[in-house]
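**Student:** What would the 3D arrangement of this be:
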Amino acid sequence: MTLPGIADHIARLAILASLWGTLAMAALLLVLVMRRDRKERSRAATETNNRSLTREILAALPAAGRPGEAYRQASPEQRLAAVSHLSRLVRGEDRLRLTAFVERHHLVDRVLAKARHRRTSRRVDAVRTLGGVGGSQAVAALDAMLRDDKALPVRLEAAAMLARLEALPSANVLITALALEEVPVTPLHHALFRALAPHRADELLALSLRNFPPGLHALVVDALGWTEDYSTLEMLGEAARAADAEVRLAALAAAVRLNHPAAGKWVLPLLEDPDQDVRAQAARACASMGLRTALPLLDRMRQDPSRWVRLRAGEAVATLGGGA
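**Tutor:** Residues are numbered from 1 along each chain as shown. Model (predicted):
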């Protein structure tokens, strides 16, 4: 084959390769467009079905009637998702009717099967679904999982859902179920104890006398401030003299929450605490509680070795209307 013939052959091959490449790219682009179109149509249909399902459930609540076609065609997961969505929107009598609807139509039964799944993540999902659905069946199931599930993440999620449903068990149960004598205390633990505090003042007072690790002792003391019970002030005064700075800090936080002038007699000495964090928090507490008798000491604290304490003392003096 001559050189010009070879060149022509190569040119034809290049043209064919370019043509087939263009066709392949066009086909791929068409597939992507069709897939995107199907997804958008499916999403639109799902949103329409969800709206219809939600409307039917809402319409069935007042008269305790049966929902319509959209409900009958929906999967159990779709029904639960719709109920969970509604539970975040309705209040009062409508919430009670929604709970009755859930129990009347046995929507919890399928979730309970997931709650016994071997995988921890599936059980956590089941706990969240139960928390969104609510009702006596859901509360009973969550309480059982809090007490008996072998995985701490599941028990912790169950406690959070019970708090959301205002159905937390006693503080003693939480301490045992969440292994609070063994694990570090987290903000979620604080939120749980603060949630139960208004109904458990006597129990928390009794727990504050027990020999707990510092973190757990501080957790209980902090919760006393959320009881809205001034009879806890005496116990908080004892906590303010505890050996652990963490407990003293919790006592100060509780005093600020209760905001009772009787706490001033043990808040003021903490301005001279050996721990700089306690001194700084005590300065903030004095400002928050309006303890003007602390002004002379706060003024001296502006020369404290700790820069953080000096800052808080200066802020407190300014808040209380002291001199420059």
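**Student:** Give the burial count for Arg307, as a bare number.
**Tutor:** Around Arg307 there are 10 other residues, counting by other CB atoms under 10 Å. Using the backbone N, CA and C atoms, a C-beta is placed for each residue, glycine as well.
**Student:** pLDDT score for it?
**Tutor:** Listed pLDDT for Arg307 reads 96.
**Student:** Now the element after the longest helix seen in the chain, going C-ward?
**Tutor:** Taking DSSP state H as the criterion, the chain has its longest helix at helix 3-63. Using DSSP states H and E, the next helix or strand after helix 3-63 towards the C-terminus is helix 69-73.
**Student:** Relative to the whole chain's centre, how far out is the helix or strand following that following helix?
**Tutor:** Next helix or strand after helix 69-73 toward the C-terminus (DSSP H and E): helix 76-87. Here helix 76-87 shows a centroid-to-chain-centroid distance of 20 Å under the convention CA atoms, centre = their mean, to the nearest Å.
**Student:** just checking, what packs against helix 76-87?
**Tutor:** On a contact count with 3 or more CB pairs under 8 Å, 6 or more residues apart in numbering; DSSP states H and E, helix 76-87 meets helix 3-63, helix 92-104, helix 108-114, helix 120-133.
**Student:** The first one - what's its average pLDDT?
**Tutor:** Yep, that's helix 3-63 we're talking about. 77.
**Student:** and it, how far from the chain's centre?
**Tutor:** Worked out by CA atoms, centre = their mean, helix 3-63 lies 40 Å from the chain centre.
**Student:** Okay, angle between that helix and helix 92-104 too, please.
**Tutor:** 110 degrees (axes from the mean of the first three to the mean of the last three CA atoms, to 10 degrees).
**Student:** Specify the angle between helix 3-63 and helix 76-87 in degrees.
**Tutor:** Counting by the same axes, to 10 degrees, helix 3-63 lies at 60 degrees to helix 76-87.
**Student:** same deal with the second one?
**Tutor:** Relative orientation of helix 92-104 and helix 76-87, computed by the same axes, to 10 degrees: 160 degrees.
**Student:** Tell me which other helices or strands the longest helix of the chain touches.
**Tutor:** In this structure, helix 3-63 makes packing contacts with helix 69-73, helix 76-87, helix 92-104, judged by 3+ CB pairs under 8 Å, 6+ apart.
**Student:** nearest to Val183, of these?
**Tutor:** Across these, the minimum distance to Val183, taken as CB to CB, is reached by helix 76-87, at 29.2 Å.
**Student:** buried residues in the closest one?
**Tutor:** 78-84, 86-87 (16 or more other CB atoms under 10 Å).
**Student:** Alpha carbons of it, in CSV - could you do that?
**Tutor:** Only the C-alpha atoms of helix 76-87 are listed here, as CSV (Å, rounded to 0.1, in the frame of the first residue of the first chain):
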residue,chain,number,x,y,z
PRO,A,76,-46.3,1.1,56.0
GLU,A,77,-43.2,3.2,55.8
GLN,A,78,-45.0,6.0,53.9
ARG,A,79,-47.8,5.9,56.5
LEU,A,80,-45.3,6.1,59.4
ALA,A,81,-43.4,8.9,57.7
ALA,A,82,-46.6,10.9,57.2
VAL,A,83,-47.6,10.4,60.8
SER,A,84,-44.2,11.4,62.0
HIS,A,85,-44.3,14.6,59.9
LEU,A,86,-47.7,15.5,61.3
SER,A,87,-46.6,14.8,64.9
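**Student:** ok, so of the buried residues of helix 76-87, who is nearest Trp266?
**Tutor:** Set against Trp266, the nearest of those by CB to CB is Ser87 (43.9 Å).
**Student:** residue contacts, the nearest residue in space to Asp244 that is not next to it in sequence?
**Tutor:** Using CB to CB, 6 or more residues apart in numbering and skipping residues adjacent in sequence, the residue nearest Asp244 is Pro214, 4.0 Å away. The contact partners of Pro214, taken as CB atoms under 8 Å, 6 or more residues apart in numbering, are 244, 246-247.
**Student:** okay, Pro214: pLDDT?
**Tutor:** So Pro214 comes in at 96 (pLDDT).
**Student:** any idea of the angle the helix or strand hosting Met145 forms with helix 120-133?
**Tutor:** For Met145, the host element (DSSP H and E) is helix 136-148. Per the same axes, to 10 degrees, the angle that helix 136-148 makes with helix 120-133 is 140 degrees.
**Student:** neighbouring contacts of helix 136-148?
**Tutor:** Residues from elsewhere that reach helix 136-148, judged by CB under 8 Å, 6+ apart: 99, 102-103, 108, 111-112, 115, 123, 127, 130-131, 154-155, 158-159, 161-162, 165, 167, 169, 173, 177.
**Student:** can I assume Leu107 is in contact with Ala81?
**Tutor:** No. Taking contacts as CB atoms under 8 Å, Leu107 lies outside contact range of Ala81: 10.6 Å.
**Student:** list the contacts for the residue nearest to Ala262 when sequence neighbours are not counted?
**Tutor:** Once flanking residues are discounted, Ala262 sits nearest to Leu233: 5.5 Å by CB to CB, 6+ apart. Residues in contact with Leu233 (CB under 8 Å, 6+ apart) are 255, 258, 260, 262-263.
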